[in-house]
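[1] Structure for this input, please:
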Amino acid sequence: MATPTICTPASATAGRSPTLSIALMAVAAFTLVSTEFSTLGLLPSLARELHISISAAGQLVSLYALTVTVCGPFLTAWLSHVNRKKLFIAITIVFAISNAFSALADSFWLLAFARFISAAVLPVFWGTASESAGQLVGPQKAGKAVATVYIGITAGFVFGIPLSTFTANHFGWRGSFWGLAALSLAVALLMAVLMPALPASPRREAGTRQTAILKDGRFLLHVVLSTLVFTAMFTAYTYLAETLERVVGIPSQQLGWWLMGFGAVGMVGNYIGGHLADRSAIGATIVLLFALAIAMAVVVPTVSIRPALVTALAVWGICFTALFPVSQVRVMQAGKSAQALAGTMNISAANGGIALGAAIGGLVVQTLGLTSLEYVASALAVLSLALGVVLLKMRAS
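    Have a look, this model is predicted:
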């Protein structure tokens, strides 16, 4: 996810059509998001080949998200002076190396280290991609350009996992990482040849004015709400492939199709979320969390009733994806005096929630069993909903 920052056009883009460059950023976004979440669809095969428990394999998600959360603000600030074109090329090359190391890893810790390499630079891309899209087209068309980049981000999240699963079914989980390595390298080469220079923007924002929102208790509660929302979502979603295989009884060869279906309805959720957020971001959060809690809670009881199960999974997928843009808009509205910082904090909160959710999910699998996972995630969604109601009342008072 990235914060939509609007910039003036870079002089280096003069005479060059920005369409291809923006498309390349969208493809890069797809590649990076697919890399980030690829392990979710590979957890069962990873656990089997590396001889670790499914809950231990799930901690790869926690480690990745924690790295993004911790490294993001520091690396983004440190690299803020770097030419954007060079920065994007370097990031995609780092992803190519990381994916290649992942494909070669023969232990959990080597795989975790390989994943750490890409996780450290991932937030740098999110922090600069939409800014660069604005540079390419200018402020008049920046919104459309940013939306185009977001298509790559959404598509990567929605379809990257099932595509990785498909590849793993035919070439093994290592084949998935080799494919991502090749795609990352191809994007880097295309950017080097086709993307114009994108100089870094000068720092103009006053730090003290930006950080003033950190003293706003209501804003901080919105950040906490994002953490809770993503914790609830990823407690169950991290182990969705394992749930489908072991609880629902889906053959491993069909997992990719089920995950693809989950992702397809998620595209609908992305559209719905954008429209709901325009009306009331906090209201949309409450409604989506209510539907999400019910959908997750009824998955296990409806395992033997296929139409009801498919409906529950569809509602889950819609609410899950819709909460991404809704959360981003909600936090940025709460910190409207410093939206860039507010958006960045939402990204950190989301990744913190992803890490916490994967950790809680692993603990639940170990102690209560896989069939309890959706119930715990549903309870966390209800807790998030309660905080949302509090924030809604605070706004009304």
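[2] Which residue comes closest to residue 353 once chain neighbours are left out?
    Once its chain neighbours are removed from consideration, residue 353 has its nearest residue in residue 230; the separation is 2.7 Å (CB to CB, 6 or more residues apart in numbering). (C-beta placed from N, C-alpha, C; glycine too.)
[3] Pull the residues that contact stretch 277-290.
    225, 229, 232, 273, 276, 319, 322-323, 325-327, 329-330, 333, 381-382, 384-385, 388-389, 391-392, 395 (CB atoms under 8 Å, 6 or more residues apart in numbering).
[4] one step back: can you tell me how far the residue nearest to residue 353 sits from residue 354?
    When distance is defined by CB to CB, to the nearest Å, residue 230 is 5 Å away from residue 354.
[5] Who are the packing partners of the one helix or strand residue 169 maps to?
    Secondary structure assigned from DSSP states H and E places residue 169 in helix 142-194. Other helices and strands packing on helix 142-194, by 3 or more CB pairs under 8 Å, 6 or more residues apart in numbering; DSSP states H and E, are helix 18-50, helix 84-104, helix 108-137, helix 255-279, helix 306-334.
[6] Recalculate using a threshold of 7 Å.
    Secondary structure elements in contact with helix 142-194, counted by 3 or more CB pairs under 7 Å, 6 or more residues apart in numbering; DSSP states H and E, are helix 18-50, helix 84-104, helix 108-137, helix 255-279.
[7] Show me what counts as buried in the last one.
    By neighbour count, and taking 16 or more other CB atoms under 10 Å as the criterion, the buried residues in helix 255-279 are 255-256, 258-260, 262-263, 265-267, 269-270, 272-274, 276-277.
[8] swap in the shortest one?
    Using 16+ other CB under 10 Å as the test for burial, helix 84-104 gives 84-89, 91-103.
[9] Identify the residues contacting residue 43.
    54, 57-58, 239, 241-242 (CB atoms under 7 Å, 6 or more residues apart in numbering).
[10] TSV please, covering the residues you listed and showing distance to residue 163 and secondary structure.
    Converted to TSV, those look like this (distance: CB to CB, whole Å; DSSP: H, G, I helix; E, B strand; the rest coil):
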residue	distance to residue 163	secondary structure
54	21	helix
57	19	helix
58	20	helix
239	19	coil
241	13	helix
242	18	helix
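[11] Looking at the residues you listed, state which has the most neighbours.
    Tallying neighbours with other CB atoms under 10 Å puts residue 239 at the head of these, with 31 neighbours.
[12] which non-adjacent residue is nearest that one?
    The shortest distance from residue 239 to any residue that is not its chain neighbour, by CB to CB, 6+ apart, is 5.4 Å, and that residue is residue 361.
[13] Next: residue 357.
    Using CB to CB, 6+ apart and skipping the chain neighbours, the partner closest in space to residue 357 is residue 234 (3.1 Å).
[14] Can you say which helix or strand has that neighbour in it?
    Assigning secondary structure by DSSP H and E places residue 234 in helix 217-237.
[15] what's the angle from that helix to helix 18-50?
    Calculated by axes from the mean of the first three to the mean of the last three CA atoms, to 10 degrees, helix 217-237 forms an angle of 50 degrees with helix 18-50.
[16] Residue 243 and residue 370 touch, don't they?
    Yes: assessed by CB atoms under 7 Å, residue 243 is found in contact with residue 370 at 6.2 Å.
[17] burial measure for the residue nearest to residue 239, as a count.
    29.
[18] next one: residue 394
    Every residue meeting other CB under 10 Å relative to residue 394 is counted, giving 12.
[19] on contacts alone, who are the packing partners of the helix or strand harbouring it?
    Using DSSP H and E, residue 394 sits within helix 373-396. Other helices and strands packing on helix 373-396, by 3+ CB pairs under 7 Å, 6+ apart, are helix 217-237, helix 281-297, helix 339-367.
[20] Mean pLDDT per helix and strand in this protein: which one sits at the bottom?
    Every helix and strand of the chain was ranked by mean pLDDT, DSSP states H and E. The lowest is helix 207-210, at a mean of 49.
[21] residues touching residue 366, list them.
    If you count contacts by CB under 7 Å, 6+ apart, residue 366 has them with residue 55.
[22] mind redoing it with 8 Å?
    For residue 366, the residues meeting the contact criterion (CB under 8 Å, 6+ apart) are 53, 55.
[23] Which pLDDT value goes with it?
    For residue 366, the pLDDT comes out at 90.
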